[in-house]
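Participant: have a look at this fold, sequence not included:
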């Protein structure tokens, strides 16, 4: 359970950095508390998308992973971020990613920040 909480906090932190750095990734809300709550829920959705959808996409695009020496990972991460944005819209959350290239850059930022936070935060159950 602790591992789940740590990963959710790391995802929320990484998403917050992407929102802060990129103008076309937006998180709106009336107050700071509502923004934090929306960010945590979006982090849960993002974690769920990465847990359920990303492995299927990786298996289906395995030849492209070999062909591009793994660079297709940037595209897959962008698609997962766009899917999260779409789901957030359907769930009436205030998170939006505008455009594919913004999603590519956002996915790169989220990957780097998430990796750094996983190094710092504990990873035990």
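Facilitator: Sure, I can see it. Note that the structure is a prediction, hence the values are computed from the model and not measured. Residues are numbered from 1 along each chain as shown.

Participant: quick check: what element follows the strand or helix carrying residue 63 along the chain?
Facilitator: Assigned by DSSP states H and E, residue 63 falls within helix 62-67. Counting by DSSP H and E, the next helix or strand C-terminal to helix 62-67 is helix 72-90.

Participant: ok, whichever helix or strand comes after that next one: who's next to it in the sheet?
Facilitator: The first helix or strand that comes after helix 72-90 along the chain, using DSSP H and E, is strand 95-97. Neighbouring strands of strand 95-97 in its sheet, by DSSP bridges, are strand 25-27 (antiparallel).

Participant: what mean pLDDT does the partner strand get?
Facilitator: In this model, strand 25-27 has an average pLDDT of 93.

Participant: what does stretch 101-108 give?
Facilitator: Mean predicted confidence for stretch 101-108 is 95.

Participant: residues touching that stretch, excluding its own?
Facilitator: Outside stretch 101-108, the residues that touch it by CB atoms under 8 Å, 6 or more residues apart in numbering are 18, 22, 24-25, 74-75, 77-82, 85, 97. Yep, even glycine has a C-beta here, placed from its N, CA and C like the rest.

Participant: can you pick the most crowded of those?
Facilitator: residue 81 (28 neighbours; other CB atoms under 10 Å).

Participant: any stretches of the chain with poor pLDDT?
Facilitator: In the predicted model, the chain carries pLDDT under 70 at residues 1, 122-125.

Participant: and the gap between the residue of it most remote from its centre and residue 121?
Facilitator: Here the chain reaches farthest from its C-alpha mean at residue 67, the gap being 24.8 Å by CA atoms, centre = their mean. Distance of residue 67 to residue 121, given as CB to CB, to the nearest Å: 35 Å.

Participant: ok, residue 9 next?
Facilitator: 7 Å.

Participant: need the residues touching each of the two.
Facilitator: If you check residue 9 and residue 121 against CB under 8 Å, 6+ apart, no residue is contacted by both.

Participant: surely residue 29 is within a helix?
Facilitator: No: applying DSSP: H, G, I helix; E, B strand; the rest coil, one finds residue 29 to be coil, outside a helix.
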